[in-house]
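[1] fold the following, please.
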Amino acid sequence: MKTKICLILSISFYSSIVFSQDIHFSQFNMSPMTLNPGMAGANYGFEAQLNYKDQWRGIATPYTTIGASLDMRLNKKKNKDSFWAAGLNFFRDKAGDAKMGISQCNFTAAYHLSVAKYQTIGVGLNGGYAQRSLSYDSLQWANQYDPGHGYNPNIPSGEPTSMSSFSYGDVGAGIVWTYNNNAGLVHVEDNNDLRANLGIAVFHAYQKYSFYNNSKEQLYPKYVLHGNALLSIPNHHNLAVIPGVVFYRQGPAQELTAGASIRYKLRQDSKYTIMKKEASLSLGGYYRAKDAVIVSFLLEISFYALGISYDINASKLTSASNGRGGIELSIRYTASNMFQRNGMKDFKK
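    Have a look, this model is predicted:
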């Protein structure tokens with residue numbers, strides 16, 4: 001009993017220090033709306049994602065996170081130098097024996113302006129509604145410890161357990177710079193792609209955040225700095241490097257993840273028939289500081305992408321987890337071919 005309690009407390013304490021209080025996906029590039037509201041419309045005319053994460057299943061009640069999002073450009077044909085974009089995303093997270101969870105839905109509006117050849121600056125704002133909840137049924141309190149007999153659920157906990165959920169409004173804002181040098185090119189056979197995003201965002205306004213109805217408890221603002229790129233390797237028609245980094249800061253908690261993938265183009269899109277679709281395979285490795293090594297796999301075929309990653313625990317919890325972290329799955333669909341990037345042709349000058 002004592003070992004189990006210590007283990008659960010260790011996981012909870014460590015998570016509060018290393019992980020930000022919000023959800024996080026290891027495949028952060030496959031969940032752009034959780035990074036920055038300015039990412040709405042930044043890369044594609046239309047895109048939609050599904051995300052699923054399962055972690056700590058080997059040592060405790062698993063922490064599960066699901067997410068879904070879509071975003072699209074609105075009036076890019078009407079004004080070639082700028083366009084509006086809109087997005088919608090939802091996520092649901094449930095953690096541990098207490099089933100502490102959050103459900104949140106956000107609507108995003110963004111404006112992107114062409115500032116130079118192949119380059120845009122986008123500013124986004126989102127607003128949403130969230131609900132926090134937990135179950136007291138599986139919780140054990142120190143007041144319920146009976147000396148000589150151990151835990152006794154019949155002893156009153158002394159905790160104010162009447163409030164099992166609360167709701168609140170939420171807002172966020174961000175700015176992102178986007179570069180895409182193959183805008184308007186249908187077939188990039190010389191493998192000269194250079195694409196990148198760099199952005200900064202802030203989430204959560206000053207607000208009450210407590211199950212105990214304590215007005216002094218507030219949700220910390222979350223700051224996000226992120227960047228990623230696709231760099232084709234000269235003289236290697238099928239190879240590209242995809243580096244990426246994301247940093248979160250929320251109150252005393254922070255998280256840094258960085259790494260890269262190697263993309264290999266399996267086949268080129270046919271100029272003569274629509275039956276042959278372009279495809280690529282990416283393999284990568286990322287490191288979440290003081291927490292995990294992330295091994296990732298991404299398969300892209302025309303408008304679709306399937307991502308799979310696994311977190312290998314490398315923190316002080318390794319003795320309990322035996323390296324088992326969690327698996328993550330993601331699916332992406334885009335309305336324009338992700339290899340051709342025809343959606344950016346309006347910005348070629």
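[2] okay, now the unreliable bits of the stretch 151-300 of the chain?
    Across the stretch 151-300 of the chain, the ranges flagged by pLDDT under 70 are 160-163, 182-191, 206-208, 213-216, 268-276.
[3] the stretch 201-349 of the chain: helices as residue ranges?
    Ranges of helices in the stretch 201-349 of the chain, per DSSP state H, counting those that start in this stretch, are 318-321.
[4] stretch 241-258: which residues count as buried?
    Buried positions in stretch 241-258, judged by neighbour count with 16 or more other CB atoms under 10 Å: 242-250, 253, 255-257. C-betas here are computed from N, CA, C, even on glycine.
[5] any idea which of those residues is closest to residue 219?
    Residue 219 lies nearest to residue 250 out of these, by CB to CB, at 8.8 Å.
[6] what's across from the closest one in the sheet?
    In this entry, residue 250 is beta-bridged to residue 222, residue 253, by DSSP bridges.
[7] pull the number of nearby residues for residue 30.
    By other CB atoms under 10 Å, 24 other residues sit near residue 30.
[8] how about residue 112?
    Look at residue 112: counted by other CB under 10 Å, it has 24 neighbours.
[9] what pLDDT does it get?
    Note on residue 112: pLDDT of 95.
[10] got phi/psi on the closest residue to residue 256 other than its chain neighbours?
    Of all residues not flanking residue 256 in the chain, residue 289 sits nearest, at 4.4 Å (CB to CB, 6 or more residues apart in numbering). Main-chain dihedrals, residue 289, degrees, to the nearest 10: phi -50, psi 130.
[11] so residue 289 makes contact with residue 247?
    No: taking contacts as CB atoms under 8 Å, residue 289 lies outside contact range of residue 247: 9.4 Å.
[12] quick check: neighbours shared by those two?
    The contact sets of residue 289 and residue 247 overlap at 255-257 (CB atoms under 8 Å, 6 or more residues apart in numbering).
[13] what is the neighbour count of residue 138?
    11.
[14] in three-state terms, label it for me.
    Secondary structure for residue 138, judged by DSSP: H, G, I helix; E, B strand; the rest coil, is coil.
[15] contacts only, for it.
    Residue 138 makes contact with 97-99, according to CB under 8 Å, 6+ apart.
[16] from the buried residues of stretch 241-258, which single one is nearest residue 281?
    Checking the buried residues of stretch 241-258 against residue 281 by CB to CB gives residue 242 as the nearest, at 11.9 Å.
[17] thinking again about what came up before, any chance of the shared contacts of residue 289 and residue 247 in CSV with distance to residue 224 as columns?
    Below are the shared contacts of residue 289 and residue 247 laid out as CSV (distance: CB to CB, whole Å):
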residue, distance to residue 224
255, 10
256, 11
257, 11
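[18] nearest to residue 195, of those?
    Nearest to residue 195 among the shared contacts of residue 289 and residue 247 is residue 257, at 19.9 Å by CB to CB.
[19] the closest one contacts residue 287, correct?
    Yes: using CB under 8 Å, residue 257 is in contact with residue 287, at 7.0 Å.
[20] pull up the overlap in contacts between these two.
    In contact with both residue 257 and residue 287: residue 294, using CB under 8 Å, 6+ apart.
[21] report the contact partners of residue 257.
    Shown in contact with residue 257 (CB under 8 Å, 6+ apart): 26, 28, 245-247, 286-289, 294.
[22] switch to 10 Å and redo it
    Contacts for residue 257 (CB atoms under 10 Å, 6 or more residues apart in numbering) come out as 24-26, 28, 226, 244-248, 286-289, 291-292, 294.
[23] repeat for residue 334
    By CB under 10 Å, 6+ apart, residue 334 lies in contact with 43-49, 300, 302-305, 341, 343.
[24] report the buried members of those residues.
    For the contacts of residue 334, buried by 16+ other CB under 10 Å: 43-49, 300, 302-303, 305, 341, 343.
[25] flag whichever of these scores worst on pLDDT.
    By pLDDT, residue 343 ranks lowest within the buried ones among the contacts of residue 334, coming in at 42.
[26] quick one: the strands in the stretch 151-300 of the chain?
    Shown for the stretch 151-300 of the chain, the strands assigned by DSSP state E, counting those that start in this stretch span residues 165-180, 194-203, 222-232, 239-250, 253-267, 279-288, 292-301.
[27] save those strands as CSV, and put in distance to residue 137 too.
    Listed next are those as CSV, based on distance: least, CB to CB, whole Å:
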stretch, distance to residue 137
strand 165-180, 14
strand 194-203, 31
strand 222-232, 30
strand 239-250, 29
strand 253-267, 28
strand 279-288, 32
strand 292-301, 31
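[28] so for residue 328, which of those strands sits nearest?
    When the strands of the stretch 151-300 of the chain are compared by CB to CB, strand 292-301 sits nearest residue 328, at 8.5 Å.
[29] identify each buried residue in the closest one, please.
    292-296, 298, 300-301.
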